[in-house]
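Visitor: kindly return the folded structure for what I paste below:
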Amino acid sequence: MYKIICPLIILLFCISCSSETPNPTPTEALYFPPLTGTTWETKTISSLGWNQNAVQPLLDYLELKHSKSFLILVNGRIVLENYFNGHDANSLWYWASAGKTLTSTMTGIAQQEGLLNINNKVSQYIGTGWTSEPLEKENLITCKNLLTMTSGIEDIANGDAVTPESLQYKADASTRWAYHNVYVKLQDVIAQASGQTWNTYFNTKLRDKIGMNGTWIQVDNNSVYWSTTRSMARFGLLISNKGKWENTVIVNENYINEATNTSQSINLGYGYLWWLNGKSSYHLPQSQAVFQGSIIPNAPNDMFMALGKNDQKIYIIPSKKMVIVRMGDAADNVNLALSDFDDVLWQKINALYQ
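Guide: Numbering: from 1, shown residues only. Okay, here's the model as predicted:
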């Protein structure tokens with residue numbers, strides 16, 4: 001009798017558990033806007049369960065701090081899109097150093113096409129004498145050193161210039177982290193390796209494939225990207241999806257993982273031209289000081305960032321499936337890529353969903 005009852009009890013228990021367990025909520029599919037046109041799906045604050053009362057204080061702060069645009073994507077859909085101070089959805093604005101991440105991404109594309117290897121020396125692609133360093137020191141500098149700001153080239157006296165006479169030896173490559181405009185030599189590397197101009201390769205391999213607009217404009221010694229806010233958001237969406245646009249791999253996931261994680265042991269808050277939040281310490285541009293803690297304490301620890309002069313921002317937060325873009329003038333009339341503005345802004349953003 002026991003042998004009969006026991007299996008029956010077990011069977012009834014399993015049926016009971018099955019009937020009481022709710023079906024899991026289906027995960028909302030990640031959305032990608034069409035490559036052409038203005039169509040872009042949206043989500044409302046209320047559908048996300050966010051706090052509508054927190055929206056206006058956020059927008060007021062952004063306008064007060066000289067913003068021109070602000071956009072939040074969740075799962076690829078627009079939740080907030082606002083323009084200020086005469087700017088609109090069709091206006092172009094500069095990315096400043098936030099555009100370094102475009103160069104990082106293009107380097108990954110060129111590598112996956114077999115045109116270069118980031119571990120190879122820069123001079124293999126653009127020839128020797130591109131710096132004023134002794135040849136044995138110049139040949140220590142790899143493409144990866146340019147991606148990670150560890151070239152060892154003097155970073156203070158020569159400003160943004162990247163002519164050979166301006167690129168002077170400071171330390172051996174890989175032994176020192178210093179923010180430097182020399183990363184733009186990667187654009188020369190890609191042009192030489194691909195046999196195309198930088199603009200042509202960029203447009204065909206990245207811009208046009210994800211429906212961005214915009215153009216590179218030469219400013220002094222730097223090539224600066226200008227685009228609409230939505231184009232900046234498209235790029236953020238691509239990177240948040242590990243380099244894949246819908247079913248098309250633009251840049252492989254392994255490279256994106258490398259680019260958006262600590263890339264060397266000197267500045268834990270830096271990847272391949274991406275800034276990383278939530279690390280135990282970090283360096284800032286024009287400083288050799290080590291700062292303890294997260295770069296933006298109020299922001300999520302898994303966030304990584306494209307940051308540019310006068311507070312151009314792309315924040316990517318994988319845990320929240322969120323991409324945030326801010327364009328505009330300097331929040332506090334200073335020329336820093338990172339300032340207290342970020343932390344206060346994140347107080348306002350957190351109020352939306354906490």
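Visitor: CA only for contacts and neighbour counts going forward, please
Guide: OK.
Visitor: what's the neighbour count on Lys244?
Guide: Here the number of neighbours of Lys244 (other Cα atoms under 10 Å) works out to 17.
Visitor: roughly how far does it sit from Ile210?
Guide: 10 Å (Cα to Cα, to the nearest Å).
Visitor: now do the shared contacts for those two.
Guide: Common contacts of Lys244 and Ile210, defined by Cα atoms under 8 Å, 6 or more residues apart in numbering, comprise Leu238.
Visitor: give the burial count for Gly152, as a bare number.
Guide: Gly152, neighbours per other Cα under 10 Å, totals 25.
Visitor: how close does it get to Glu138?
Guide: Following Cα to Cα, the distance that separates Gly152 from Glu138 is 9 Å.
Visitor: over to Ser240?
Guide: Distance from Ser240 to Glu138, by Cα to Cα: 35 Å.
Visitor: the more surrounded of those two?
Guide: Glu138 (25 against 22).
Visitor: go ahead and confirm that one touches Thr131.
Guide: Yes. Using Cα atoms under 8 Å, Glu138 is in contact with Thr131, at 6.8 Å.
Visitor: number of nearby residues for Asn119?
Guide: Other residues within reach of Asn119, judged by other Cα under 10 Å, total 11.
Visitor: err, Leu62, not the other one
Guide: Leu62: 24 neighbours (other Cα under 10 Å).
Visitor: what pLDDT does it get?
Guide: Among the per-residue scores, Leu62 shows a pLDDT of 98.
Visitor: that one sits in which helix or strand?
Guide: Per DSSP states H and E, Leu62 falls inside helix 55-64.
Visitor: same question for the following helix or strand past that helix, mean pLDDT?
Guide: Downstream of helix 55-64, the first helix or strand assigned by DSSP H and E is strand 67-74. For strand 67-74, mean pLDDT rounds to 98.
Visitor: next: stretch 107-117.
Guide: On average, stretch 107-117 scores 98.
Visitor: endpoints of that stretch, how far apart?
Guide: 9 Å.
Visitor: contacts for that stretch, please.
Guide: For stretch 107-117, using Cα under 8 Å, 6+ apart, the contacting residues are Ile118, Cys143, Leu186, Ile190, Ala193, Ser194, Lys205, Ile250, Val251, Asn252, Tyr255, Ile256.
Visitor: what subset of those residues is buried?
Guide: Ile118, Cys143, Leu186, Ile190, Ala193, Ser194, Ile250, Val251, Asn252, Tyr255, Ile256 (16 or more other Cα atoms under 10 Å).
Visitor: in helices, which of these fall?
Guide: Cys143, Leu186, Ile190, Ala193, Ser194, Tyr255, Ile256 (DSSP state H).
Visitor: from those, which is closest to Tyr125?
Guide: Ala193 (6.5 Å; Cα to Cα).
Visitor: which residue packs closest to that closest one, ignoring adjacent ones?
Guide: Take Ala193 and drop its neighbours on the chain: the residue closest to it by Cα to Cα, 6 or more residues apart in numbering is Leu115, 5.5 Å away.
Visitor: kindly report the same for Thr39.
Guide: Closest to Thr39 by Cα to Cα, 6+ apart is Pro33, at 6.6 Å.
Visitor: same question, Ala171
Guide: For Ala171, the spatially nearest residue (Cα to Cα, 6+ apart) is Gly152, at 4.6 Å.
Visitor: now do the one you found against Lys244, distance only.
Guide: Taking Cα to Cα, one finds Gly152 at 33 Å from Lys244.
Visitor: count the neighbours of Lys170 for me.
Guide: 13.
Visitor: try the one 5 residues further on
Guide: The burial count assigned to Thr175 is 13, neighbours taken as other Cα under 10 Å.
Visitor: shouldn't it be in contact with Gly152?
Guide: Yes. With contact defined as Cα under 8 Å, Thr175 and Gly152 form a contacting pair (6.9 Å).
Visitor: listing partners with orientation, what would you give for the one helix or strand Met327 maps to?
Guide: Using DSSP H and E, Met327 sits in strand 322-328. Note on strand 322-328: by DSSP bridges, its sheet partners are strand 67-74 (antiparallel), strand 312-317 (antiparallel).
Visitor: who are the packing partners of the very next helix or strand once past it?
Guide: Note on strand 322-328: by DSSP H and E, the next helix or strand toward the C-terminus is helix 340-353. Helix 340-353 sits against helix 55-64, with contacts defined as 3 or more Cα pairs under 8 Å, 6 or more residues apart in numbering; DSSP states H and E.
Visitor: contact partners of the helix it packs on?
Guide: Against helix 55-64 from outside (Cα under 8 Å, 6+ apart): Phe70, Asn82, Phe84, Asn85, Leu345, Lys348, Ile349, Leu352.
Visitor: same check, this time on stretch 346-354
Guide: By Cα under 8 Å, 6+ apart, the list of residues contacting stretch 346-354 from outside reads Gly49, Trp50, Asn51, Gln52, Asn53, Ala54, Val55, Pro57, Leu58, Asn298, Ala299.
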